[in-house]
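A.B. asks: pasting a predicted model and its sequence here:
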Amino acid sequence: MSSEENLSADVVIVGSGVAGSSIANELVRAGISVIVLEAGPRVDRQHFVENFRNLENKPSYQEPFPAVPWAPHPPNQITPNEYLHTSGPDAEAYQQVYLRMIGGTTWHWAGCAWRYLPSDFELKSRYGQGRDWALKYDDLEPFYYQAEVTMGVCGPDPAVEDLGSPRKQPYPMEALPISFAAQQFRKLIDEKTPWRVVHEPQARNTRPYANRPTCEGHNNCMPICPIGAMYNGSYSVYDAEAAGAKFIPNAVVYKIERDAANKRVTAVQYFDPDKGSHRVTGKYFVIAAHCIETAKLLLVSADEQSPDGVANSSGHVGRNMMDHTGVQVTFISGDQALWPGRGPLETNVIDNFRDGDWRNERGAYLVHMVDDNQVDLATQMAIAKGYVGRELEEQIRYMAAHTVRLFSHNEALPDPNNRLTLSKTKKDALGIPHPDVYYKLPEYTVRSCEHTRKVFRELIGHMHGTEEQWTPGYFPQDHPSGSTIMGVDPRDSVVDGHCRTHDHDNLFIASSSVFSTVGTGNITLTVAALALRVADTLKKELTHA
Amino acid sequence: MPDFAKTFRALLVAGTVLGTVLAVPAAAESAPDAPASSAAPASAASPATPSQTTPAPVVAGEEDAVIARGAYIATAADCVACHTAKDGKPFAGGLKVATPMGDIISTNITPDSQHGIGKYTEEQFDQAVRHGIRADGANLYPVMPYVSYAGMTDQDMKALYAWFMHRVQPVATTPPETSLPFPASVRSAMKVWNMLASSEKPATGDSATFDSQKRGEYLANALEHCGTCHTPRNFMLGEKQDRYLGGGSLGGWYAPNITSSKTAGIGDWSEDDLVAYLKTGQVPGRAQAAGPMGEAVEHSTSKLTDTDLHALAGYLRQVPALEDDIERKARDSFGQAFNAPDIRTAVPKRIDDLAEMSPDRIFDDNCAACHQRNGAGTDDHYTPSLFSNSVTGTLRPDNLIMVILNGVDRTTGKDHAFMPGFNGQSEVERLSDTEIASLVNYVMGTFGSGDPHVTAEKVAEFRKQ
Amino acid sequence: MPKNRDCPSAPLWAVSPNRMRLSKLLRMSRRDVLLSGMGAALAGSAAEAGEPDAQNGALAATDPLVQQFMVLSQRLTDRDALDARIGAALCMGIVQSGAERKTQLQALHTVLTKEQYASASDFARAAEKQDAALKDVIHEIMTGWYRGVANGKVVVYRSALMFDLTKDAVFPKTYAAGGPFYWTSKPPEVAKPNGLPALSPSKFVVEPT
């Protein structure tokens, strides 16, 4: 149980996902030594492709990634869950999944790479709701671009299609041409509604980029891009390792040590899979371990100095949990055959509801028309209805060609009562408590979802839809955020505008856990931009020191 | 990827032998290097900005044609391929090539007077390009294909010189000096070599007015220097003229027999096939260019005029057939779609289970997304078929191993052919030597000429190339 | 541990949005797990998923049961040409999925041999009329050939018939063969089918996650 080697680096990072690996890559290329501690194992693509194809339950994008016992992640989105225990009126709406392994959860994201809108950072001052961030859009703009270059993001020319987030540089790659289905959807929106369909910015190659190939439309961004055309955190891991960063897999950090004054972090301790304990010292520490695991780690590190957990003098660690809890409907279009599932999964968005004066009373949202292959679902449906033989085949074709699915990302608000705590009864193989989350959808979000349902009904009408099926209630979008919320006041927030914890001078957090509000776009690009800004801060402080 | 570097590295391995016998070359430099960046010299339009000290003669309007000719000659002779570093400025040299003799760094051949060849007179330029003798009298390594360039006409040499001096952007940087741990006596060794090596005889007259046959021969030998790779070399590094274009192994890649043999060469290719290949790097159902040939297509042959491509193709098609000691059947005549069902018995494995999979799984999980389970590739041929494909139909697995390790990256016009490599630097998947051996054996066994029984050790050797 | 449940609750909302979480399973877990103590079954399946393939003793294509299975399959799919290797693997999976399956397959075969049926639908109707329980095994045969799944496991993925009959329009996930940007082209139109279901709405098998 003792450390057999003296591990030390200028910067110690916990977590090897997009945030941790991007910081490591930036720092190591500036001559700063880096150790990254990753709870999960090293992994590779080919085994995930194999797992996916061997999976009966293809829509379950979490199941191709069975966790290791020393670093469990939620096995699925079923409530009650074996790992992430949710409770409260909307427990099921917070049943998130994520991945604990080298490269992190971007192994199974869909590549949507939105910048937030300037207003997303100023919700309180503009609309009197939620909070303001302790930074402005302009502070993040250069890092958004850096993240887009790092990840390889394609997107539309602002002169043709302005997505509302001002850019100083064009997207690194041209926008992805949308599918026939999405083209028809866009035409319909243009002709029959006051809204518009835009190209979704995506961390996906529309040409060979960064030694990775062009997207070939395997329609499997989630759970696994089989060819590496979509960004995931493992590329930044590879890049950082090539430049000399040290990554230690299967290193489950369970304790954050501080000095006597409780002002500076001095070391972190981790368990290996056999529960051997190791200590890593450094000058700076960055927790980049995903919203849920980051808060969990700070709480697990509670001791006499910080009885409520590290960096938690405000009591806000684990609070203000948010997501893009949304609405979904699936129906059979009465119009021409669309054959969804040709090309990448998510390529187009109705963006008219991302911002407006109405945000003073209801949350913003964006709408995806999902381009998901429906052949398997159509087959299950047709068999269940009792079709056989030729009639079965006709049904499969018809339903696979006409099934349309819409879903929304609806904006949550930070509510301290939506809270992550440590399970008092459930522990993992190393004895570390599981996370519990209480969740009640804010009324602001409920009103947003009601508005979305109204819009969806209108769209179904325009498409002469039948057999509409609404997913009951709300569902999680795996965009957890807010658990170490950012703010200017140390009394009601955990980190400042540079993602430095108010309590500990050399402890930073790089995760969606710092989000003050959650906006509507997928969170990953903002996570990456914040992380690169942390790297910039660290570079300045370490090179001046 | 510095594939040319690899090519010449092999050549330099042989050079070591030469060195021990003849006291080895010394004033070596000007080692051609990897190209990579797409900086193309084809246009004569970019304005010349000679260094202040460059005594560049004024070019009269009527001489624009000369310069345009020079630009084209430079393209056809593919100078940029070896004298441009990855992401570097065109012709500024600077790419480091690791060789058994030490690092060789290509030189700056821009017209900068201090750092490049700005002070070269036309005569000195000619001596270097056609005779392998630098301005200071030192001999160049034969990695600079001056034995081929020796065949250029005086007129084309003048045009080439004019273009270099007036249209190539001077770059005021000197690549690091090549320093090889050899005795200084090399210069004489290279002189001996030059006497023994067979050089092209300079063609005479106006190459633009050559008939198609002569033009094709001129392009193949004096400019494109096909034989540099496709003609095997003797122990003295000279091309074996009795095996002209008979195929040779260089730096891991195998430059195949491209004589008119229907069994060992490309005798079953039509002239249009050849033209398409040289223009796009790909002929569905036959072959595609990767490695050094991919670069030759990208930087040079794809930019030739259709007339020249037909002349070159026509010439190649009548190169006397040479048989091969291994190949007995046309390389593109093997294989068929594999249509067995994908019967599965496994369930998802834990994320840390990275156990090596069976060869068919390795193929399925790394290759079949694009090449398809049946090996047919994509409908638009963006991803080529694996059957009826020279790389799997040959009995030499070399190029398949190299392409799996290093991938394909070839741009012609608006088309960018790209396959990720699966070597230790891959961001897509890093396959072990054993996995690659399994994969090569599976792919050739299923879609090509049969299981070549490649071992992990053999893959390891190619990985070092 | 497969779990039966009524068809009407299975449908389209079953698959969730951008990444299709199994909300059908979520629903099942909510109602069925909580009400019928399926928690134990869930834990059991997780353990099972971690193990290597349970049985490897494949049935031979020449096995009489497989031959009967092939005859049944050809009738029920209205197809003459079916792959016997897939058939043998499916047959084995179906037989392993329940103690009664082998007998049901044989009973179904008996129904088929007694009379000439012009179509899959005619035969399926007759079979269900004779014994309502045969509906389930017909389901399994359909699921096997069209989805490539038997006994809750993938028997074939790429080679499942559902992909063959849609190959003019879409590719199976991870096996797209159109090249970059193929998806911008117009896929084929599909006329609304008039055919009727042959079987009463059946239960369908869901594997918990």
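C.D. replies: Now that the structure is in, tell me what you want to look at.
A.B. asks: what average pLDDT does stretch B:287-300 get?
C.D. replies: Stretch B:287-300 carries an average pLDDT of 96.
A.B. asks: ok, stretch A:111-121 next?
C.D. replies: Mean per-residue pLDDT for stretch A:111-121: 98.
A.B. asks: can you give me the end-to-end span of it?
C.D. replies: 22 Å (Cα to Cα, to the nearest Å).
A.B. asks: looking at the stretch 51-200 of chain A, what residue ends up closest to chain C?
C.D. replies: Across the stretch 51-200 of chain A, the shortest distance to chain C (Cβ to the nearest Cβ) belongs to A:Pro59, at 3.4 Å. (Each C-beta comes from the backbone N, C-alpha and C, glycine too.)
A.B. asks: now do the contacts for the closest residue to chain A within chain C.
C.D. replies: Closest residue of chain C to chain A, Cβ to the nearest Cβ: C:Ala120 (2.4 Å). By Cβ atoms under 8 Å, 6 or more residues apart in numbering or on different chains, the contact set of C:Ala120 is A:388-392, C:75-78, C:198.
A.B. asks: which of those lies closest to chain B?
C.D. replies: Closest to chain B, out of all of these and judged by Cβ to the nearest Cβ, is C:Thr77, at 15.0 Å.
A.B. asks: that closest one: neighbouring residues, count only.
C.D. replies: Other residues within reach of C:Thr77, judged by other Cβ atoms under 10 Å in any protein chain shown, total 22.
A.B. asks: ok, now which ones touch it?
C.D. replies: Going by Cβ under 8 Å, 6+ apart, the list of residues near C:Thr77 reads A:388-389, A:392, C:120, C:142, C:145-146, C:161.
A.B. asks: quick one: which of these sit in helices?
C.D. replies: A:389, A:392, C:120, C:142, C:161 (DSSP state H).
A.B. asks: interface residues of the stretch 101-250 of chain A facing chain B?
C.D. replies: The stretch 101-250 of chain A comes close to chain B at residues A:101, A:207-208, A:210-214, A:216, A:218, A:226-228, A:234-235, A:238-239, A:242, A:250, as judged by Cβ under 8 Å from any Cβ of the partner chain.
A.B. asks: give me the low-pLDDT residue ranges for chain B?
C.D. replies: B:1-62, B:96-103, B:180-198, B:235-237 (pLDDT under 70).
A.B. asks: walk me through the domains of it.
C.D. replies: B:3-317, B:335-464 (automatic domain parsing).
A.B. asks: turn these into CSV, including distance to chain C and mean neighbour count.
C.D. replies: Conversion of those to CSV gives the following (distance: least, Cβ to the nearest Cβ, whole Å; neighbours: other Cβ atoms under 10 Å in any protein chain shown):
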stretch, distance to chain C, mean neighbour count
domain B:3-317, 12, 20
domain B:335-464, 4, 20
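A.B. asks: quick one, which of the ones in helices among the contacts of C:Thr77 are buried?
C.D. replies: Buried members of the ones in helices among the contacts of C:Thr77, scored by 16 or more other Cβ atoms under 10 Å in any protein chain shown, are A:389, A:392, C:120, C:142, C:161.
A.B. asks: low pLDDT regions in chain C?
C.D. replies: C:1-58, C:202-209.
A.B. asks: ranges for the helices of it?
C.D. replies: Listed in chain order, the helices of chain C (DSSP H) span C:23-28, C:34-36, C:39-50, C:64-77, C:84-96, C:101-114, C:120-130, C:134-142, C:161-164.
A.B. asks: for chain A, what's the longest strand?
C.D. replies: Taking DSSP state E as the criterion, chain A has its longest strand at strand A:277-287.
A.B. asks: so after that strand, what's the next helix or strand?
C.D. replies: Sequence order places helix A:291-300 as the next helix or strand after strand A:277-287, per DSSP states H and E.
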